[in-house]
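Q: this one's sequence-less:
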């Protein structure tokens, strides 16, 4: 949600939104411009409203396609709409859906970017990390370089099996089931940097394979190319 307004104000006009989640009370301190009256509404429909508002403010004629679907189990119509996009942004909260977005992007030749935050909690935050990475055929694959993990994706997939399999995954801590804390400040940073990375690519200024900021020690890593090490063939990009 945090990336919407910067994208519109950067000149992007056509959007395809895919998400089956609805706004919950725990989202109110994490999603910008979302109100209590939005609780229970599909996030993509709230996002569509925000795109229209931002577009009107800058005189931009925005167009939005909305799919209230899970990208992993999405209809062929939804996946065709995604593959018609020039850019696919994977801003989901699990590896399974991000790998699905990655595969759709590589199959269609779309630019792929993913962004997110990692917060490790005990009695207080132990780690605050913001990260953005991309993908390009023949150059960089988040799976090959370890930025996405098929093993974690297989755990995420247990949700679709349900029953004892899903219960076991939750009970043994394989799948976190705790609402994230208020991270709007970090989300805003990731959103702005993600849009900046798109603008750099469009302007021909180059691209980063990985951008990472660790707020615990103040370190910033911007890596233009990542040397990949792959044991066996990657089932997504096909590299071996």
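A: Received, thanks. The model shown is predicted, which means the values in this text are computed figures rather than measured ones. Numbering: from 1, shown residues only.

Q: where do the strands sit along this structure?
A: Counting by DSSP state E, the chain has these strands, from start to end: 14-18, 63-67, 87-90, 111-121, 125-135, 210-214, 219-223.

Q: want to try TSV for these, with mean neighbour count and distance to residue 26 as columns?
A: Any C-beta I mention is one placed from the backbone N, CA and C, and that applies to glycine too. Shown next, in TSV, are the strands of the chain (neighbours: other CB atoms under 10 Å; distance: least, CB to CB, whole Å):
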stretch	mean neighbour count	distance to residue 26
strand 14-18	18	21
strand 63-67	16	23
strand 87-90	20	22
strand 111-121	18	14
strand 125-135	19	17
strand 210-214	18	24
strand 219-223	12	30
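
Q: now those strands as TSV including distance to residue 42?
A: As requested, the strands of the chain are exported to TSV (distance: least, CB to CB, whole Å):
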stretch	distance to residue 42
strand 14-18	9
strand 63-67	8
strand 87-90	18
strand 111-121	21
strand 125-135	26
strand 210-214	30
strand 219-223	35
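
Q: Which one of those strands lies nearest to residue 189?
A: Nearest to residue 189, of all the strands of the chain, is strand 125-135, at 5.7 Å by CB to CB.

Q: Tell me the strands beside the closest one, with direction?
A: If you go by DSSP bridges, strand 125-135 pairs up with strand 111-121 (antiparallel), strand 210-214 (antiparallel).

Q: Now do that strand and strand 219-223, the angle between them.
A: Here the directions of strand 125-135 and strand 219-223 differ by 10 degrees (axes from the mean of the first three to the mean of the last three CA atoms, to 10 degrees).

Q: Give me the residues contacting strand 125-135.
A: Residues external to strand 125-135 that are found in contact with it (CB atoms under 8 Å, 6 or more residues apart in numbering): 102, 105-106, 111-120, 140-142, 147, 181, 186, 189-190, 193-194, 197, 207-216, 237.

Q: Not counting sequence-adjacent ones, nearest residue to the residue most central in space within the chain?
A: Geometric centre of the chain, nearest residue: residue 91, 1.3 Å, by CA atoms, centre = their mean. Leaving out its chain neighbours, the residue that sits closest to residue 91 by CB to CB, 6 or more residues apart in numbering is residue 115, at 6.1 Å.

Q: Return the residues in contact with that neighbour.
A: With contacts defined as CB under 8 Å, 6+ apart, the neighbours of residue 115 are 3, 89, 91, 130, 131, 132, 190, 191, 193, 194.

Q: where does the fifth one land on pLDDT?
A: Per-residue confidence (pLDDT) for residue 131: 87.

Q: which strand residues sit across from it in the sheet?
A: Beta bridges link residue 131 to residue 116, residue 212, judged by DSSP bridges.

Q: hang on, isn't the residue nearest to the centre of the chain packed against residue 4?
A: No - using CB atoms under 8 Å as the test, residue 91 is too far from residue 4 to be in contact (10.3 Å).

Q: Just the buried positions in the top helix by length along the chain, please.
A: When the chain is parsed with DSSP state H, its longest helix is helix 184-202. Going by neighbour count (16 or more other CB atoms under 10 Å), the buried part of helix 184-202 is 186, 187, 189, 190, 191, 193, 194, 195, 197, 198, 201.

Q: Just list what it packs against, helices and strands only.
A: Applying 3 or more CB pairs under 8 Å, 6 or more residues apart in numbering; DSSP states H and E, we find helix 184-202 packed against helix 4-9, strand 111-121, strand 125-135, strand 210-214.
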